[in-house]
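In: the sequence and its predicted three-dimensional model are supplied below.
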Amino acid sequence: MGNGNTRVRGIAARAGGWSARHRWAAVGIWVLFVVLAMGLGSAAGRVDVKDSDQLKGETHTAAKIIEDAGIDEPASETVLVQARTAGVTSTDAEFRSAVTAVVRAVEGTGKATDVTSPYDTRTISKDGRSALVQFDMRGDADTAGERVEPVLKAVEGVQKAHGSLRIEEIGGASMMKTFDDAFGDDFQKAELSAVPVALGILLIAFGALVAALLPVALAVTAIMATMGLMGVVSHVMPMSDTANSVMLLVGLAVGVDYCLFYLRREREEREAGRDAQTALRIAAATSGRAIVVSGVTVCVAMAGMLFTGLAEFEAMGLASLMVVAVAMVGSVTVLPALLSLLGERVERGRLPFLKRRRATRDSRFWTAVLKGVLAKPLVCVVVAAGALLAIAAPAVGMKTQNLTLDQEFGNSLPIVGTYNRVNDAFPGGSEPAEVIVKAKDINAPEVKSALADFRERAVSSGASRGPVEIKLHNAQNIAFVYVPLVGGSDLDKAGASLEKLRDEVRPATLGKVDGVQAPISGQVAGSHDFNDQLAGAVVPVFAFVVVFAFLLMLLSFRSLTIAITSIVLNLLSVGAAYGILVAVFQHGWGASLVGAEGVGAIITWLPLFLFVILFGLSMDYHVFVVSRIREARLRGRTTNDAIRHGVVTTAGVVTSAAVIMVAVFAIFGTLSMQSMKQMGVGLAAAVLIDATIIRGVLLPAVMALLGERNWYLPKWLHRLPDLTHDESPEAVAPAVRDDEGERLGV
């Protein structure tokens, strides 16, 4: 049909139309916004989440006491001196000589303070074969890893002189340096490689350099603007490096996707004979509207993280929400302006070895798949849903915990072996529980007596095998009590020991002294408190995301059926991702195929994080595909024909978008840390399932079974706001009415 003017309705259509008419103004405003956001962010600086705000519960209370007292905890280090063979003990002359040499070597570096001998602190194992020389690094604990190298070299020197003994260093500073040396560039490499990977896939998808650069440029500028905004917003809600990495991932994914959807639709309309102005108007009214619906849905999903009460999650949620909002606004404003400016030049820089692909060309593969799906929809629903439920089944036994050092890195680092040897000889000694005791007078007789009782009962109760160390800060009236927990690196057993300390030992000792606070922190306590906080947040976060996503689908498509099926299919996709995670990383099934290990657990924060991210991102494809199906139905096609048209015509863009997402997420699956592998594999697997089984098989099969019931809206919901969009001017068929008599108009 013609290229004439048509009434437009909806914010995306109006924004796109204005931008196309005021091209240079739209581009200038976008550039000014990005530059201004970056400038303001740079001037404001970024405020990061404080340690005291990372967690709730006792861990938070302990960190707050330390922070308010102005105590800077140093980075503590330990040197393990251990006999390599049976028969050699700490009483032997050579052993004593080695301990003395370690103490002198460490002190001689000038980088350490409070160096203690195991003969003074009684840090000698029960079998007498192992002893610990302990000390603190001078200076700021956060930068101790940069200053620990001379100490490590000094300890290595002692090791060379005493070859019959094992002499190894471990601690906060040495681990920090080891990780930075081994994996410090991992994140940076992953983040930097994500953009070239996306660009390469887009080059193949479009076959032209300019068309491929547009989505990447939009995503990168959206990320740059958001980084600036994060600096400003961080003064109200602190941010973090983790939030920055998540923001980059999400920003690249949605920025490229949104631009891809818009650009493909504009090219499709041009190939169908539209003039440039009409093609842009149709793209704005259709794909632009799908972008807005998808973007708002993703923002709502990301906002779910704000209900966790965990500062790190809140930072990730807000950062992700902002980058999605910025990318969405850029897609419906500056992108139409750029397309209007470029015109046919968007095809410049064609790759000679790639033929030009028509945007209107149907996918032969998905055409064949759809033929089978629509012929036997019930069989396809049963088989596909059954397969996904089977994949999701392992998730029923999901176990979450903060990964220990050996779980996180396996045997890839020598320091992991040291960590295990220290824990074997001194269970819990490498990561003891820390009791932060605050009193009006820490030296008062009743307080000293309670501290002594606590030390004695911690061992007699079976929670610890000792030694329990007490460090006083007289000026602040605070005592630090370090309690090695029975269970060591086994977090389940160590958690039981922690419960004994909190529920039995503390009430019977320190709890009897008026005015004394004694919160218990440390890695085991932090993991315990984090799990408790997260468990309490699961229901409100799930409810918030699901309810608001349902309402958005209901308003955007004015169909109760579409809203319900959207939620069910997304939940099925997330469930399958959970099942894959548990099978691979908890049980170790096929772990070697992704370069991972079965570590017996999923990192605590990942399930909720995956739910929020996947539920949001999967709406990209869902909204885009269902919008095209609805559009075809409103043009007068039968439901089955509309389904075939909607899925087949969007297959190319959905496939390209999915391949980009899978590739970017898979990059994070190649990182050395198991937690990052879990995140990368989980996200990549879920997107792959979502773009193939869910959108290519289950969605069309379910819609084919439902038929006209897809567009059902009860009469009592007819008064809902109409957020549907203007369709292509090709829509000349009379309006279709559903069984309840509602007009399915535009």
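Out: Great, that's in hand.

In: tell me where the stretch 1-150 of the chain has helices.
Out: 11-21, 23-44, 57-69, 93-108, 118-121, 149-161 (DSSP state H, counting those that start in this stretch).

In: nearest to residue 598, of the ones you listed?
Out: Closest to residue 598 of the helices of the stretch 1-150 of the chain is helix 57-69 (CB to CB; 28.6 Å). (C-beta placed from N, C-alpha, C; glycine too.)

In: quick one, strands of the stretch 601-746 of the chain?
Out: 602-603 (DSSP state E, counting those that start in this stretch).

In: just for it, where's the confidence low?
Out: 722-746 (pLDDT under 70).

In: cutoff 90 now
Out: 601-610, 612-628, 630-640, 644-688, 690-692, 695-696, 708, 711, 713, 715-746 (pLDDT under 90).

In: now do the stretch 151-300 of the chain
Out: For the stretch 151-300 of the chain (pLDDT under 90), the answer is 162-164, 171-216, 236-300.

In: so for stretch 90-97, mean pLDDT?
Out: Across stretch 90-97, the average pLDDT comes to 90.

In: thinking again about what came up before, got JSON lines for the helices of the stretch 1-150 of the chain, with mean neighbour count and distance to residue 466 too?
Out: As requested, those are exported to JSON lines (neighbours: other CB atoms under 10 Å; distance: least, CB to CB, whole Å):
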{"stretch": "helix 11-21", "mean neighbour count": "21", "distance to residue 466": "67"}
{"stretch": "helix 23-44", "mean neighbour count": "16", "distance to residue 466": "49"}
{"stretch": "helix 57-69", "mean neighbour count": "20", "distance to residue 466": "21"}
{"stretch": "helix 93-108", "mean neighbour count": "18", "distance to residue 466": "19"}
{"stretch": "helix 118-121", "mean neighbour count": "15", "distance to residue 466": "11"}
{"stretch": "helix 149-161", "mean neighbour count": "17", "distance to residue 466": "25"}
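
In: out of these, which is closest to residue 251?
Out: Of all the helices of the stretch 1-150 of the chain, helix 23-44 comes closest under CB to CB, at 12.7 Å.

In: could you give the angle of the closest one to helix 11-21?
Out: With axes from the mean of the first three to the mean of the last three CA atoms, to 10 degrees applied, the angle from helix 23-44 to helix 11-21 works out at 110 degrees.

In: distance from helix 23-44 to the middle of the chain?
Out: 28 Å (CA atoms, centre = their mean, to the nearest Å).

In: again with stretch 267-281
Out: 39 Å.

In: what about the residue of the chain positioned farthest from its centre, distance to residue 127?
Out: Distance to the chain centre peaks in the chain at residue 93, reaching 52.8 Å (criterion: CA atoms, centre = their mean). Applying CB to CB, to the nearest Å, the value for residue 93 to residue 127 is 19 Å.

In: what do you get for residue 58?
Out: Taking CB to CB, one finds residue 58 at 34 Å from residue 127.

In: same deal with residue 236?
Out: Counting by CB to CB, the gap from residue 236 to residue 127 is 55 Å.

In: export the helices of the stretch 1-150 of the chain to CSV and tack on distance to residue 711?
Out: Output for the helices of the stretch 1-150 of the chain, formatted as CSV (distance: least, CB to CB, whole Å):
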stretch, distance to residue 711
helix 11-21, 22
helix 23-44, 35
helix 57-69, 49
helix 93-108, 75
helix 118-121, 75
helix 149-161, 68
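
In: so which of those helices comes closest to residue 414?
Out: helix 149-161 (11.4 Å).

In: using CSV, write out every CA atom in the closest one.
Out: Extracted C-alpha coordinates of helix 149-161, given in CSV (Å, rounded to 0.1, in the frame of the first residue of the first chain):
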residue,chain,number,x,y,z
GLU,A,149,56.0,-9.3,47.3
PRO,A,150,59.2,-8.7,49.4
VAL,A,151,57.7,-10.8,52.2
LEU,A,152,56.8,-13.6,49.8
LYS,A,153,60.4,-13.6,48.5
ALA,A,154,61.8,-13.6,52.0
VAL,A,155,59.7,-16.6,52.8
GLU,A,156,60.8,-18.3,49.6
GLY,A,157,64.4,-17.8,50.6
VAL,A,158,63.8,-19.6,53.9
GLN,A,159,62.1,-22.4,52.1
LYS,A,160,65.2,-22.9,49.9
ALA,A,161,67.4,-23.1,53.0
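
In: what element comes up after it heading to the C-terminus?
Out: Per DSSP states H and E, the first helix or strand lying C-terminal to helix 149-161 is strand 165-171.

In: what's in contact with the next helix or strand after that following strand?
Out: Where DSSP H and E defines the elements, the next helix or strand beyond strand 165-171 is helix 172-183. Residues external to helix 172-183 that are found in contact with it (CB atoms under 8 Å, 6 or more residues apart in numbering): 75-77, 137, 141, 144-149, 151-152, 405, 412-413, 415, 671-673.

In: mind checking which of the residues you listed are in strands?
Out: 76-77, 137 (DSSP state E).

In: mind putting these in JSON lines, distance to residue 433 and pLDDT included?
Out: Shown next, in JSON lines, are these (distance: CB to CB, whole Å; pLDDT from 0 to 100):
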{"residue": "76", "distance to residue 433": "14", "pLDDT": "87"}
{"residue": "77", "distance to residue 433": "19", "pLDDT": "90"}
{"residue": "137", "distance to residue 433": "21", "pLDDT": "91"}
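
In: residue 384: which of the residues you listed is nearest?
Out: Closest to residue 384, out of all of the ones in strands among the contacts of helix 172-183 and judged by CB to CB, is residue 76, at 54.1 Å.

In: quick one: that closest one from residue 660, how far?
Out: Residue 76 is 45 Å from residue 660, by CB to CB.

In: which of these two has more neighbours?
Out: residue 660 (27 against 17; other CB atoms under 10 Å).

In: the stretch 301-450 of the chain: helices as residue ranges?
Out: 311-332, 334-342, 364-375, 377-392, 405-409, 414-425, 445-460.

In: burial count for residue 636?
Out: For residue 636, using other CB under 10 Å, the count is 14.

In: what do you get for residue 347?
Out: Based on other CB under 10 Å, the number of other residues close to residue 347 is 16.

In: go ahead and confirm it touches residue 211.
Out: Yes - under the criterion of CB atoms under 8 Å, residue 347 makes contact with residue 211 at 6.5 Å.

In: which parts of stretch 444-461 are buried?
Out: For stretch 444-461, a neighbour-count test (16 or more other CB atoms under 10 Å) marks 447-448, 450-451, 453-455, 457-459 as buried.

In: if you could redo that for stretch 130-145, that was the one I meant.
Out: So for stretch 130-145, counting by 16+ other CB under 10 Å, buried means 130-137, 139, 141, 144-145.

In: tell me how far it is from the chain's mean position?
Out: Using CA atoms, centre = their mean, the offset of stretch 130-145 from its chain centre is 31 Å.

In: what's the answer for stretch 583-592, then?
Out: Worked out by CA atoms, centre = their mean, stretch 583-592 lies 20 Å from the chain centre.

In: give me the contact list for it.
Out: So stretch 583-592 is in contact with 391, 394, 397-399, 594, 596-602, 674, 677-678, 681, going by CB under 8 Å, 6+ apart.
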